[in-house]
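Visitor: Here is a sequence with its predicted model. Questions after.
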Amino acid sequence: MTTGQLLQRNLTYFWRTNLAVIAGVAIAVSVLAGALLVGDSVRGSLRDLFLLRLGNTDHVVTSEGFFREQLARDIQNHPEFSPGEFAAAAPLIALEGSITHEASRTLGTGISVYGVDERFWTFHGQPHRGPLDREILVSDGLARELGSTAGDALLLRVQKPSEIPVESLHSKKEDLGSTLRLTMRESLSSAALGEFSVQPRQGATRAVFVPLKSLQKELDQDGKANLILVNENSRSEADATRQSARKDLLVRILKDTASFEDYGIQLRVLDEQKALSVESSAGFIPESLAERVKMATQSADTSGAVPYLSYLINSILRDDKREIPYSTVTGVDAELLDVMQHGESWHVAGGCDFSEGKGTVPATAHLPPIMLNEWAGSDLQVKLGERVTLDYYVWLAEGKLATRSAEFRVACIIPMKGLAADRDLVPDYPGITESETLGDWDPPFPIDLKRIRPQDEEYWKKYRATPKGFIPLTVGQELWQTRFGKVTSLRVWPKRGRTLAETHLAFDRVLRETLDPLHAGFSILPVRAQGLEASRGATNFGEYFLYFSFFLVISALLLTALFFKLGVEQRLREIGLLQAIGYPASRVRKLFLFEGIVISILGSLIGLAGALAYGKLMMTGLSTWWVEAVGTTMLKLHVAPISLLLGAVGGVVAALVCIVWTLRRFGKASSRSLLMGTLGDAETRRRADGEPGRSGDTEMLGHSKGSTTSPRRPSPSPRLLIAFALTLLGLVILLLASFQLIEQTAGFFGAGLLLLAAALCYQSVWLR
């Protein structure tokens, strides 16, 4: 009989025992490969979900504020845009809002609102017709939540955006939202971009789509957008270097096409002052922009940039008796006063000294100086050196409006011309500067219109927001600067011998070259690459399920080893006979090892089918019973061959290790004892198992009869020492994990494993 025939007959004759071993291996492989499939399926489902919502979008261009809708067309028409790298660009408005079903009054909050036109659907290759006029398209999930159907009236509410930061004094603090009454045309499925989103998220996206023109009109942002979608001609998701190069290319294209309006910058030509004025639509000029302007003035060969800081004052008081309500005061740099206009000095009104901390009146010498224009000086009837107080509002960091006061000494009174009559020093403030009269003011802070006098209205009619006082710039910045900037405008004057038009052209060109879009409010995000990376870095559910199933795997492998050992013990006479007829012990072990390999492979093949069932069951559970763990019901089983292979190989290797460990004890038995169906005499077996013999038992109890010496103390059990060591090690790992010195998940599972093993050792010692 050949070895192959013997192996075949052994497998068929001992089929019951082999079937039990196969079952143990199959369970282990099912759990191992199934846990890996769970991880692959969660990551794959989140990836598919993100790509479905993203559509054809690869990059997005966004800004802190709104920019020209035309910018998307300018980017797409740039010579470097389409050749080889990019395909199309589409503008839209993306906001958050709330929606109400008018009939049932059901409210939905946290809604993604998109203002789109046909360019959006063409960009994504969708044959869908976009919303028109007062129509609205709603995602399927949101439609079910609202209980709305086609033809229902929906009330969409969005907050009107403001270029002025919320923390600024002149921003609208209350929620001045805008409500649109729209008619639902239809609901959109996920495949029809109903859950469009450029941000990776696991939960459902509740989105609505409204006409771009209608939303622009409602928000007072005609011709504006705040998001541009860009897609690539060919995608290389794994090529990080190419992704970085494409982002850099988009930055260059944006720099070439963006206008000052897109940056929120206003460059005004002041013909009367023969200067250029750089201002920000946010009110304050950011420090980064101020530095860029100063750099541009040097490269454009100008006289430099002169900063100003204008602020609205509640009142200018003289000895708490006479006051001027609601005026503007501007901070200027005293050292630059001589170059403000044609080199004309404003050190007028003999004895006027605008240097901070100096004065002609000793009683007020410690106060900072203030220059009043002729109108304010006459109205207050103030003299040089007298004290005046400025009352003004500040918006505190904790979100409260507070009133502050500052005292100044009158350094000089200047005539109503030049600087004193310059109404362009004050930036545009919504609700104030566009008003025809003081009584028409509608600022975002409280005012008392009863304080306004006829002469104040006359001043506004003639001079508008022209400052009535000037203080040192450093003092004004201490009082009024915010984290958004320290100046409200920068003036640029031509050098002597150059015209204003020449300076304008040169400065315009240099400032555009100096501005960096990424440092001027724009952001370019490779959303596809970032989303794919986020889906790969999501919670590893495969690892978690492997931890949860670890004890099941160990139990299955132990069961495999026990059944294999039982099968071998039932075949001791066969082993003895094989050795007696000339089979060496090593060959016998190989024979049984081959049997174990065949059995393990059969078990692993069956286990792979079990792994598919296990993975499907876990996906069903995560999509229904445990949906809170992943936040979405759109999970599908993703079968990865590498995970099945790793699970099968891992199960086979673990089973073979158990089999080899089982076979190693039988090589010590003699052929005679094996033919008798035993592994040797009882004493040999006890010693092989590490148990004390009878003589040892006697010594444990004491010396032989008649001995008078004290009995010898028994040595500690090895299992007891192992149990103690495992307990100590488990507690140490648990302590390290609790202080986050090691990875918490692995630490807690590892500590639990060690403590369980220690408990089993304690139980074994107790039973013995």
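Guide: Received, thanks. Numbers count the residues shown, from 1 in each chain.
Visitor: All the strands of the stretch 401-550 of the chain, residue numbers only.
Guide: For the stretch 401-550 of the chain, the strands defined by DSSP state E, counting those that start in this stretch occupy 401-414, 469-472, 489-492, 522-525.
Visitor: of all those strands, which lies closest to Ala534?
Guide: strand 522-525 (12.2 Å; Cβ to Cβ). The way it works is simple: take the backbone N, C-alpha and C, and place the C-beta from them, glycine included.
Visitor: Sheet-wise, list the partners of that closest one with their directions.
Guide: Using DSSP bridges, strand 522-525 pairs in its sheet with strand 59-68 (antiparallel).
Visitor: After the partner strand, which helix or strand is next? Please name it.
Guide: helix 70-76 (DSSP states H and E).
Visitor: Just the buried positions in the next helix or strand after that following helix, please.
Guide: Where DSSP H and E defines the elements, the next helix or strand beyond helix 70-76 is strand 86-101. For strand 86-101, the neighbour count (16 or more other Cβ atoms under 10 Å) marks 86, 88-95, 97-101 as buried.
Visitor: mind saving the C-alpha coords of stretch 746-758 as CSV?
Guide: Extracted C-alpha coordinates of stretch 746-758, given in CSV (Å, rounded to 0.1, in the frame of the first residue of the first chain):
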residue,chain,number,x,y,z
ALA,A,746,-5.3,47.3,21.2
GLY,A,747,-4.5,48.0,24.8
PHE,A,748,-7.9,47.2,26.2
PHE,A,749,-8.4,44.1,24.1
GLY,A,750,-4.9,42.9,24.9
ALA,A,751,-5.3,43.5,28.6
GLY,A,752,-8.7,41.7,28.5
LEU,A,753,-7.0,38.7,26.8
LEU,A,754,-4.2,38.5,29.4
LEU,A,755,-6.6,38.8,32.4
LEU,A,756,-8.8,36.1,30.9
ALA,A,757,-5.8,33.8,30.5
ALA,A,758,-4.7,34.6,34.1
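Visitor: Which of the three states applies to Glu272?
Guide: Recorded secondary structure, Glu272: coil (DSSP: H, G, I helix; E, B strand; the rest coil).
Visitor: what's the neighbour count on it?
Guide: 11 (other Cβ atoms under 10 Å).
Visitor: Could you measure from it over to Ala421?
Guide: 10 Å (Cβ to Cβ, to the nearest Å).
Visitor: And Arg512, by the same measure?
Guide: Counting by Cβ to Cβ, the separation of Arg512 from Ala421 is 32 Å.
Visitor: what does Leu155 give?
Guide: 49 Å.
Visitor: same check, this time on Val639
Guide: When Val639 is compared with Ala421 (using Cβ to Cβ), they lie 80 Å apart.
Visitor: out of the two, which sits in the more crowded spot?
Guide: Legend: neighbour count by other Cβ under 10 Å for Val639 and Ala421, higher for Ala421 (17 against 14).
Visitor: Tell me how far the more buried one lies from Ile316.
Guide: Ala421 is 18 Å from Ile316, by Cβ to Cβ.
Visitor: one step back: buried deepest among the strands of the stretch 401-550 of the chain, which one?
Guide: The highest mean neighbour count among the strands of the stretch 401-550 of the chain, using mean count of other Cβ atoms under 10 Å, belongs to strand 469-472: a mean of 25.
Visitor: What strands flank that one, and is each parallel or antiparallel?
Guide: By DSSP bridges, strand 469-472 pairs with strand 322-332 (parallel), strand 369-373 (antiparallel).
Visitor: Would you quantify the distance from Leu674 to Leu276?
Guide: Here the distance between Leu674 and Leu276 works out to 105 Å (Cβ to Cβ).
Visitor: next one: Ser197
Guide: The value you get for Ser197 to Leu276, if Cβ to Cβ is used, is 43 Å.
Visitor: Report the mean confidence score over stretch 596-609.
Guide: Confidence for stretch 596-609, expressed as mean pLDDT, is 85.
Visitor: Run through who's touching it.
Guide: Stretch 596-609 has contacts (Cβ atoms under 8 Å, 6 or more residues apart in numbering) with 7, 11, 18, 21-30, 32-33, 560, 564, 644, 647-649, 651-652, 655-656, 659.
Visitor: Using CSV, write out the CA atom coordinates for that stretch.
Guide: The C-alpha coordinates for stretch 596-609 follow below in CSV (Å, rounded to 0.1, in the frame of the first residue of the first chain):
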residue,chain,number,x,y,z
GLY,A,596,-3.9,17.7,8.9
ILE,A,597,-3.0,19.8,5.8
VAL,A,598,-5.7,18.2,3.7
ILE,A,599,-8.3,18.6,6.5
SER,A,600,-7.3,22.2,7.1
ILE,A,601,-7.6,23.1,3.4
LEU,A,602,-11.0,21.5,3.2
GLY,A,603,-12.0,23.4,6.3
SER,A,604,-10.7,26.6,4.9
LEU,A,605,-12.6,26.2,1.7
ILE,A,606,-15.8,25.7,3.6
GLY,A,607,-14.9,28.6,5.9
LEU,A,608,-14.6,30.9,2.9
ALA,A,609,-18.3,30.3,2.2
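Visitor: all helices for the stretch 1-150 of the chain, in order.
Guide: 3-13, 15-54, 70-76, 118-123, 140-146 (DSSP state H, counting those that start in this stretch).
Visitor: Pretty sure Asp256 sits against Asn77.
Guide: No: taking contacts as Cβ atoms under 8 Å, Asp256 lies outside contact range of Asn77: 10.8 Å.
Visitor: For these two, indicate the residue with more neighbours.
Guide: The neighbour comparison of Asp256 against Asn77 (other Cβ under 10 Å) goes to Asp256, with 15 against 11.
Visitor: and that one, how far is that from Gln243?
Guide: Relative to Gln243, and taking Cβ to Cβ, Asp256 is found at 21 Å.
Visitor: Now do the contacts for the residue nearest to Asp117 when sequence neighbours are not counted.
Guide: Once flanking residues are discounted, Asp117 sits nearest to Leu212: 4.4 Å by Cβ to Cβ, 6 or more residues apart in numbering. By Cβ under 8 Å, 6+ apart, the residues touching Leu212 are Glu69, Pro91, Leu92, Ile93, Gly115, Val116, Asp117, Ala225.
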